[in-house]
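> pasting the structure only:
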């Protein structure tokens with residue numbers, strides 16, 4: 001799991017303008033995503049920036065750029081896509097019925 005304390009020393013981020021200054025190695029993927037190597041592990045730049053602002057990032061979390069521009073790193077353009085985390089949890093909890101196991105007074109819509 002990537003944590004803020006791992007990146008704050010070597011990365012500065014202006015979340016309003018989306019500007020990044022870092023001494024970490026940075027590369028560009030063929031698909032146009034920027035990658036950054038932190039403590040020997042490669043991450044998508046958006047993952048590192050999300051962690052910089054929000055504290056940590058679950059290993060199965062996916063960060064998306066809302067406008068589709070892979071070079072727009074403004075924090076308002078980044079969003080957490082929980083679908084992978086949810087599908088992993090569901091596959092681990094097969095047989096759990098989320099509708100019938102709702103707390104009393106809650107109804108499925």
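It's in. What you see is a predicted model; the values in this text were computed from it and never measured.

> in stretch 22-31, what's buried?
Within stretch 22-31, the residues that qualify as buried are residue 24, counting by 16 or more other C-beta atoms under 10 Å. Glycine gets a C-beta too; all of them are placed from N, C-alpha and C.

> what's the offset of it from the middle of its chain?
Between the centre of stretch 22-31 and the centre of its chain there are 17 Å (C-alpha atoms, centre = their mean, to the nearest Å).

> check stretch 26-38 too.
Per C-alpha atoms, centre = their mean, the displacement of stretch 26-38 from the mean C-alpha position of its chain is 15 Å.

> residues near residue 52, how many?
The number of residues packed near residue 52 is 20, by other C-beta atoms under 10 Å.

> need phi/psi at it.
For residue 52, the backbone dihedrals (degrees, to the nearest 10) come out as phi -60, psi -40.

> would you list every one of the strands in the chain?
Listed in chain order, the strands of the chain (DSSP state E) span 2-3, 11-14, 19-22, 26-28, 34-38, 41-44, 56-57, 62-65, 78-81.

> and the ones you listed: which comes nearest residue 50?
Of all the strands of the chain, strand 62-65 sits nearest to residue 50, with 4.8 Å by C-beta to C-beta.

> residues contacting the closest one, please?
The contact list for strand 62-65 (C-beta atoms under 8 Å, 6 or more residues apart in numbering) reads 44, 46-47, 49-50, 57, 72, 77-81, 83-84.

> average model confidence for it?
Taken as a whole, strand 62-65 has an average pLDDT of 90.

> who does it pair up with?
Here strand 62-65 is paired, per DSSP bridges, with strand 78-81 (antiparallel).

> buried ones in the partner strand, by neighbour count?
residue 78.

> stretch 61-72 now?
For stretch 61-72, using 16+ other C-beta under 10 Å, the buried residues are 61, 62, 63, 65, 70.

> tell me the pLDDT of the last one.
Pointing back at residue 70 there. With respect to pLDDT, residue 70 has a value of 92.

> what count of nearby residues applies to the closest residue in space to it that isn't next to it in sequence?
Excluding its sequence neighbours, the residue lying closest to residue 70 (C-beta to C-beta, 6 or more residues apart in numbering) is residue 32, at 4.4 Å. Around residue 32 there are 9 other residues, counting by other C-beta under 10 Å.
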